[in-house]
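Visitor: Below is the sequence, then the predicted model.
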Amino acid sequence: MKSNIVKMTLALVLSLGIVSYGYAAPNKPVELSADTIEYDAKKGIMVAQGNVRIVQENTIMTGTNAEYNNNTKEAHVYGGVHVVREDATLSAAEVNSYDNNHIVAIGDPMLTKGDSKLTGPKIDYYSDKQYAVVTGWANLRTSDSTMTANQIESFFNENRAVAQGNVHIVSEVRNMDATSDQAVYYGGGEQQGKTVLTGNARAVQDGNVLTGNSLTLYMDNKVIDVQGRSKLVITPQ
């Protein structure tokens, strides 16, 4: 029976591979501890209750309760869920997993990697694509700016985020406030800090107002490029 519990737990950890923005290590041992652990071999259901702690290599997941159905490949972890792996963390009231690939975090979910934090009413994550999407309202915070929108998609492999609908970017460090219908943010590599605004784009910096169909912000050096017809209003200092 112990081997069955370990097998179910391993499947649960794999389904929550979100913390590594990829896949967990399938050949590494898994340690499960809880106040009580029950496994129904006939139904293929594992239930762990009270101070649940699952450890696999450098991944640690904690919560109040955990359930896994081996037949449907569905997992449910709830009660102050917190997952940590290296510089990535996920926290939420509840985390549900489907087909060991699609993860849904609800209840004030926060997905953090490095200095970036993604929040919203619900976070959907697909481990095979290393892709997350937040809809309804979404908030992406970095070390020097905050971006809100109706929807934000994060492509972790590319270190890129795409925002759509009522996009609003605020950077107090650079005294900048910008809005648009859509935006693409680049968080790493040669394009780090670059943000492309399209559709009714408007940026205000140091009192100067620049509008156009497409604006490119270079956050690191406070430069703005304009594509297409544009308008600049300079406020005398």
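Guide: All right, it came through fine. These numbers were taken from a predicted model, which means no experiment stands behind them.

Visitor: Compute the number of surrounding residues for the closest residue to residue 192 other than its chain neighbours.
Guide: With Cβ to Cβ, 6 or more residues apart in numbering as the criterion, residue 192 has its nearest non-adjacent residue at 6.3 Å, and that residue is residue 186. In this view, the C-beta of every residue, glycine as well, is placed from N, C-alpha and C. By the measure other Cβ atoms under 10 Å, the count of residues near residue 186 is 17.

Visitor: tell me the contacts of residue 186?
Guide: Residue 186 makes contact with 159-160, 192-195 under the criterion Cβ atoms under 8 Å, 6 or more residues apart in numbering.

Visitor: which residues of this structure fall in helices?
Guide: Read by DSSP state H, the chain holds these helices, from start to end of the chain: 2-15.

Visitor: beta partners for the most centrally placed residue in it?
Guide: Centre of the chain computed as the mean C-alpha position; nearest residue by Cα atoms, centre = their mean is residue 111, 4.0 Å away. Residues in a beta bridge with residue 111, per DSSP bridges, are residue 90, residue 118.

Visitor: and the residue nearest to residue 192, bridged to which residues?
Guide: Beta-bridge pairing of residue 186 under DSSP bridges involves residue 160.

Visitor: What's the separation between it and residue 200?
Guide: Distance from residue 186 to residue 200, counting by Cβ to Cβ, to the nearest Å: 21 Å.

Visitor: Just give the number of residues close to residue 59.
Guide: 21.
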